[in-house]
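Engineer: coordinates only, sequence not included:
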């Protein structure tokens, strides 16, 4: 029979920000987002000439443009600032992702999508100094898979937080 003092010394303590096996799903979501982003960007670089649009018109076009700024073309040429803010943002996402207070799967899924999107665009910024954008719809700036992951992740996170708040309010009123 095992002595309790031996068991205490061999069991790893679970800290506030512990990496648990259940986190693997969320890391896989983030990795899948990075892979999808980088894969689609590689295809665009290989198959679509810079400035080309396929088709020439329509509701949805594949284009090959680059963006040295942030979302919607803001902060053009501010690469170093954007890299720093990306790293800080990714660190914050990781802290929240592994924080038990954000245990709801929807919240963590949203954070994982945001992390994957941030990493995907950061890879482009560090490697090329600009991001490849290739999805174009009318009256909207071109975007990429990473941008889509970040946007969907933010929407999922907001929705999950609002649901959580509503559930807490309902529980208090019961």
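Structural biologist: That came through, no problem. Because the structure is predicted, anything quoted here is derived from the model rather than measured.
Engineer: center of the chain - which residue?
Structural biologist: residue 114 (2.1 Å; CA atoms, centre = their mean).
Engineer: close enough to count as contact, that residue and residue 93?
Structural biologist: Yes. Residue 114 lies in contact with residue 93 (CB atoms under 8 Å); the separation is 5.6 Å. No exception for glycine: its C-beta is placed from N, CA and C like everyone else's.
Engineer: how close does residue 25 sit to residue 39?
Structural biologist: 21 Å (CB to CB, to the nearest Å).
Engineer: which element is the residue nearest to the centre of the chain on?
Structural biologist: helix 105-128 (DSSP states H and E).
Engineer: and the longest helix seen in the chain, how far from the chain's centre?
Structural biologist: The residue-count maximum for a helix in the chain (DSSP state H) belongs to helix 145-173. Offset of helix 145-173 from its chain centre (CA atoms, centre = their mean, to the nearest Å): 15 Å.
Engineer: quick one, it and helix 105-128 angle?
Structural biologist: On the basis of axes from the mean of the first three to the mean of the last three CA atoms, to 10 degrees, helix 145-173 is oriented at 160 degrees to helix 105-128.
Engineer: what's in contact with stretch 46-56?
Structural biologist: 61, 62, 63, 64, 65, 66, 134, 136 (CB atoms under 8 Å, 6 or more residues apart in numbering).
Engineer: And the fourth one, its phi and psi?
Structural biologist: Spelled out, that is residue 64. Here is the backbone geometry of residue 64 (degrees, to the nearest 10): phi -130, psi 100.
Engineer: Now it: closest residue in space that isn't a chain neighbour?
Structural biologist: residue 48 (4.1 Å; CB to CB, 6 or more residues apart in numbering).
Engineer: For residue 83, see how far away the one you found is.
Structural biologist: With distances taken as CB to CB, residue 48 is found 26 Å from residue 83.
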